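Chemist: What shape does this take:
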Amino acid sequence: MKFLLPTILLLFLTSCGKETYDAKESYELWAFESVPADIEVIHGQFWKSSHWTYEYRTYLKFRASKKWINSFIQTNNLKVASGDFDLPDQAPNWFDPKIGQRAYIKNEFSQGSIYFVDDKTGEVLIYEIQL
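Modeler: The predicted structure follows:
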């Protein structure tokens, strides 16, 4: 009995890590919701540490409606990236921003997260990190 409380507390303070290369599952772990009807997930990669502070890294490639894209930009207070920015070092080969895609970053400290949007095709590339 005296070990039960510390064991429960330890389980509560730590969580299981998670890694997936499944596109749909990656989106759902990142967004905390099922893939909406106006999104076609193409590729995904998601990693979450077992640390209780919710450390994660995700790469996503999908097509979305203009409405979804505009809402995402506004909700996350993204701004167009100007000047130089770094691409992630260990990105999967399908994470391939193209000329003509607009790059966005968060206004606050983002640890290198970057979002690419192709206004013509609705293609979205997301690299988001929180460590």
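
Chemist: When you work out contacts or count neighbours from here on, use the C-alpha atoms and nothing else.
Modeler: Fine.

Chemist: In contact with residue 87, which residues are there?
Modeler: Residues counted as contacts of residue 87 (C-alpha atoms under 8 Å, 6 or more residues apart in numbering) are residue 114.

Chemist: Residue 125: which element?
Modeler: strand 123-130 (DSSP states H and E).

Chemist: Partner strands of that strand, with direction?
Modeler: Strands flanking strand 123-130 in the sheet, each with its direction: strand 56-64 (antiparallel), strand 114-117 (antiparallel) (DSSP bridges).

Chemist: could I get those strands as TSV with mean pLDDT?
Modeler: What follows is the strands paired with strand 123-130, written out as TSV (pLDDT from 0 to 100):
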stretch	mean pLDDT
strand 56-64	97
strand 114-117	95
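
Chemist: nearest to residue 77, of those strands?
Modeler: With respect to residue 77, and counting by C-alpha to C-alpha, the nearest of the strands paired with strand 123-130 is strand 114-117 at 11.9 Å.

Chemist: which residues touch residue 113?
Modeler: Taking C-alpha under 8 Å, 6+ apart, we find residue 113 in contact with 105, 106, 126, 127, 128, 129.

Chemist: Checking my notes, residue 69 in a strand, right?
Modeler: No: assessed with DSSP: H, G, I helix; E, B strand; the rest coil, residue 69 is helix; it does not lie in a strand.

Chemist: before we move on, the earlier item: okay, the strands paired with strand 123-130, which one's buried deepest?
Modeler: Using mean count of other C-alpha atoms under 10 Å, the stretch among the strands paired with strand 123-130 with the largest mean neighbour count is strand 114-117, at a mean of 23.

Chemist: Can you pull out the residues in contact with that strand?
Modeler: The set of residues external to strand 114-117 that reach it, using C-alpha under 8 Å, 6+ apart, is 87, 97, 101-106, 123-128.
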